[in-house]
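K.L.:
Have a look at this prediction, sequence included:
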Number of protein chains: 2
Amino acid sequence: MKGIRQLAKHLDISIGTVSRALNDKPDVNEETRKRVLAAAEELGYVANQSGRSLRQGTTNVIGLMIEASQETVENGDNFFLSVTGGLQSVFTRHKLDLVMLPCPSDEDPHEYLKRMVARRVVDAMIISATQRIDKRIDFLSKAKIPFVALGRSSSGGNYPWIDLDFEGVAACAVARLVAKGHRRIAIAAPSTDINLGYVFVDAYRQALERHGLEFDPSLIIRVKSSEQGGYQAGTELLQLENRPTAIILIYELMAIGLYRRMVEAGVVPGRDLAVIGFREEPRARFLQPTLTCFRLSLRDLGTKLAETLLATMPAYSALYPKGAQNTIWPLELAPGESDAFTITP
Amino acid sequence: MKGIRQLAKHLDISIGTVSRALNDKPDVNEETRKRVLAAAEELGYVANQSGRSLRQGTTNVIGLMIEASQETVENGDNFFLSVTGGLQSVFTRHKLDLVMLPCPSDEDPHEYLKRMVARRVVDAMIISATQRIDKRIDFLSKAKIPFVALGRSSSGGNYPWIDLDFEGVAACAVARLVAKGHRRIAIAAPSTDINLGYVFVDAYRQALERHGLEFDPSLIIRVKSSEQGGYQAGTELLQLENRPTAIILIYELMAIGLYRRMVEAGVVPGRDLAVIGFREEPRARFLQPTLTCFRLSLRDLGTKLAETLLATMPAYSALYPKGAQNTIWPLELAPGESDAFTITP
């Protein structure tokens, strides 16, 4: 890797002139500029932006920590790549780059995060998949590293986060189903300690209560957040006594597995069982009957995450006057055919 | 962010003692060690591994550059997350970490790579989605940055790469179809300049020749490497005069879209049209009839990529005696029902 020093030596020109030529500054002879650029290309010159960074104490790189779990991998989850587009659209304005930090599934997320912070490759962090108790939040707060979390947690007190409106989705789904005459509504919730599972189940419970329906714990089906989990939820649902007439899913790809299990059992979604999915997903768009679900722009979510993060960073906060540092991100109902029938009592 | 200096000051202990306690070295009183660790936790101490790195001129971080194109995002491509597992299993042995560098779809991959190299966040690079002519390869070679490419290219001369056995897949698919009596075999190839498209089409052409079949350019259907591309390929296939009786797909998720289009047209895959997919993919596993495709372990591929890369890095090359620095990665046929019928002339 050649630096500016080697380049200057090779050309027998002063470092200052080479630097001015490379940085497109004035008072460099046009021919000299061309020679410098040609030699830079030829010798494989690489600008050392880290030298600049060390003086500023910054790397100009933001990390997005994701969990590379078996489930995420097998489901080919496009969630984070989509969010990435929105994040980059903001970071680009400030010449910041985004790197994704995939936490291996066999490593503790907190230990992984500590190590990545110690590597000093990023100035700030975006964390996701927050747990009910999430040590990462306390760690980042104490270490005074700018961060934003995609997801709430019981940890950390007052910290910047954005989370999806799980309460709104649960309330809307229950209200729709109740209006169509359903009284026994199951819910497929994650089997892990991820915080959104708690939020979603609580909101479902409250919605039932508002509509005067009794909460039956056997209707909470705990499965993996995956297509396979949806299949499993289907199996468990079929085995329930006094079978529910409707099910709400917490993860988008569950619908594909659930449909498959229902078809195998001769149960027709949208006729024998009402299904409401979670996030609208390109691959679930082709389900027949079409799935009632909820829409959000992951790109816009990424944009908001980036802006929330920059608002906490001294170098950028003036440009992003702090509005709410906590945002509940709304989802819009996308009605389909999967719950378009009425139960007659 | 607190460093060792602040920690020592806070505890009123020498920096040396704090350092020995943190690094689990002997001759530190057990009580002192506990006090140091507690204070480190309390104050949000972050080890500065970058200090160590600068002396070594390394970051101990490896970058995996991926293209965050619209297609990749919409298809929720799990390819890279799966490869990541294999990469990390090797890097972990050497306390190296992997970061993913998502090149925004509106940015030139070569320019993006140059900037990421200039940021000095990684010691080495894994690049993917190699183009026919790929400037990144020349750049990395000249700049003497250790790298390995997932994919061949016409650029760069002799450089380390691993590529899938597109030739083997095309040869095997054509042979299977010919054996079942097919004479008109279409192929859905990528519409971009990605190198694998050239390799695949060439191999298909040679296989036809070996079996004495005429090459008909109208049977090469150029579409996006996506589910939608598969749907589009279906539409174009239906419009072909003297309709082919078989189609080979270059991208795994094309099969889902193709099946959909065929069902709409009343054409039954596996009965009216033989379909051979590319890589076996969790989501394509549920297609009915089951898809004939090819299997590979992405985790093992990741392991091999990591080992090939480390063999080129002075600090690790002794541990990875250079075998072939170029590998064609085999895929194993996974026969399904989608081509299980015979054409009677």
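P.N.:
Structure's in. What do you need? Please read these numbers as outputs of a predicted model, since none were measured by experiment. Numbers count the residues shown, from 1 in each chain, chains lettered A, B, ... in the order given.
K.L.:
could you check whether the helix or strand hosting A:Leu98 is close to chain B?
P.N.:
Using DSSP states H and E, the element containing A:Leu98 is strand A:97-104. Yes - under the criterion of C-beta under 8 Å from any C-beta of the partner chain, chain B is reached by strand A:97-104 at A:97-102, A:104. In this view, the C-beta of every residue, glycine as well, is placed from N, C-alpha and C.
K.L.:
Ok, stretch A:121-138 next?
P.N.:
Yes - Stretch A:121-138 reaches chain B (C-beta under 8 Å from any C-beta) through A:Val121.
K.L.:
Give me the distance from that stretch to the chain's centre.
P.N.:
Centroid separation between stretch A:121-138 and its chain, computed with C-alpha atoms, centre = their mean, to the nearest Å, is 12 Å.
K.L.:
Check which residues of that stretch are buried.
P.N.:
A:121-132, A:134-138 (16 or more other C-beta atoms under 10 Å in any protein chain shown).
K.L.:
residue boundaries of the helices in the stretch 51-200 of chain A?
P.N.:
Remark: helices assigned in the stretch 51-200 of chain A by DSSP state H, counting those that start in this stretch are A:70-74, A:79-91, A:109-118, A:135-142, A:166-179, A:195-210.
K.L.:
Please convert the ones you listed to JSON lines, extending it with mean pLDDT.
P.N.:
Listed next are these as JSON lines, based on pLDDT from 0 to 100:
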{"stretch": "helix A:70-74", "mean pLDDT": "65"}
{"stretch": "helix A:79-91", "mean pLDDT": "90"}
{"stretch": "helix A:109-118", "mean pLDDT": "92"}
{"stretch": "helix A:135-142", "mean pLDDT": "94"}
{"stretch": "helix A:166-179", "mean pLDDT": "95"}
{"stretch": "helix A:195-210", "mean pLDDT": "95"}
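K.L.:
So which bits of the stretch 151-300 of chain A are right by chain B?
P.N.:
So the stretch 151-300 of chain A meets chain B at A:227, A:256, A:260, A:281-283, A:286 (C-beta under 8 Å from any C-beta).
K.L.:
Out of the residues of strand A:97-104 next to chain B, which one has the lowest pLDDT?
P.N.:
Confidence by pLDDT is poorest for A:Pro104 among those, given 87.
K.L.:
Can you give me the neighbour number for the nearest residue to that one once chain neighbours are set aside?
P.N.:
In this structure, A:Pro104 finds its nearest non-sequential neighbour in B:Gln88, 4.9 Å apart by C-beta to C-beta, 6 or more residues apart in numbering or on different chains. Other residues within reach of B:Gln88, judged by other C-beta atoms under 10 Å in any protein chain shown, total 25.
K.L.:
picking up where we left off before, which PyMOL command selects the buried ones in the residues of strand A:97-104 next to chain B?
P.N.:
Applying 16+ other C-beta under 10 Å to these, the buried members can be selected in PyMOL as follows:
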select buried, chain A and resi 97+98+99+100+101+102+104
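K.L.:
Out of the residues of strand A:97-104 next to chain B, flag the one nearest to A:Pro146.
P.N.:
Nearest to A:Pro146 out of those is A:Leu98 (C-beta to C-beta; 14.1 Å).
K.L.:
picking that back up, quick one, what contacts the residue nearest to A:Pro104?
P.N.:
A:68, A:102, A:104, B:98, B:302 (C-beta atoms under 8 Å, 6 or more residues apart in numbering or on different chains).
K.L.:
do A:Ala40 as well
P.N.:
Contacts of A:Ala40 by C-beta under 8 Å, 6+ apart are A:7, A:22.
K.L.:
three-state assignment of it?
P.N.:
Classification of A:Ala40 by DSSP: H, G, I helix; E, B strand; the rest coil places it in helix.
K.L.:
ok, now how distant is it from chain B?
P.N.:
As judged by C-beta to the nearest C-beta, to the nearest Å, A:Ala40 and chain B stand 10 Å apart.
K.L.:
Quick check: pLDDT value at that residue.
P.N.:
On the pLDDT scale, A:Ala40 gets 79.
K.L.:
cool, A:Ala246 as well?
P.N.:
98.
K.L.:
give me the number of residues near A:Lys9?
P.N.:
For A:Lys9, the neighbour count with other C-beta under 10 Å is 12.
K.L.:
so it, which of the three states?
P.N.:
Of the three states, A:Lys9 takes helix according to three-state DSSP.
K.L.:
what's near enough to touch it?
P.N.:
Residues counted as contacts of A:Lys9 (C-beta under 8 Å, 6+ apart): none.
K.L.:
and the gap between the residue nearest to A:Pro104 and B:Ile127?
P.N.:
Plainly put, B:Gln88 is 18 Å away from B:Ile127 if you go by C-beta to C-beta, to the nearest Å.
K.L.:
still on that earlier bit, okay if I get the residues of strand A:97-104 next to chain B as a markdown table plus distance to A:Val83?
P.N.:
Shown next, in a markdown table, are those (distance: C-beta to C-beta, whole Å):
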| residue | distance to A:Val83 |
| --- | --- |
| A:Asp97 | 15 |
| A:Leu98 | 10 |
| A:Val99 | 14 |
| A:Met100 | 10 |
| A:Leu101 | 14 |
| A:Pro102 | 14 |
| A:Pro104 | 20 |
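K.L.:
can you pull the contacts of the residue nearest in space to the middle of chain A?
P.N.:
The residue lying closest to the centre of chain A (C-alpha atoms, centre = their mean) is A:Phe80, at 4.9 Å. A:Phe80 makes contact with A:64, A:66, A:100, A:128 under the criterion C-beta under 8 Å, 6+ apart.
K.L.:
Check the gap between the closest residue to the last one other than its chain neighbours and A:Gly86 for me.
P.N.:
Right, the one you point to is A:Ser128. Leaving aside its sequence neighbours, A:Ser128 sits nearest to A:Leu150 (C-beta to C-beta, 6+ apart; 4.3 Å). Computed as C-beta to C-beta, the A:Leu150 to A:Gly86 distance reads 12 Å.
K.L.:
Counting neighbours around each, name which of these two comes out higher.
P.N.:
A:Leu150 (24 against 20).
K.L.:
Alpha carbons of stretch A:110-117, as CSV, please.
P.N.:
Extracted C-alpha coordinates of stretch A:110-117, given in CSV (Å, rounded to 0.1, in the frame of the first residue of the first chain):
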residue,chain,number,x,y,z
HIS,A,110,-22.7,-7.9,25.0
GLU,A,111,-19.2,-9.4,24.7
TYR,A,112,-19.2,-8.9,21.0
LEU,A,113,-20.2,-5.3,21.3
LYS,A,114,-17.5,-4.6,23.9
ARG,A,115,-14.9,-6.1,21.6
MET,A,116,-16.1,-4.1,18.5
VAL,A,117,-16.0,-0.9,20.5
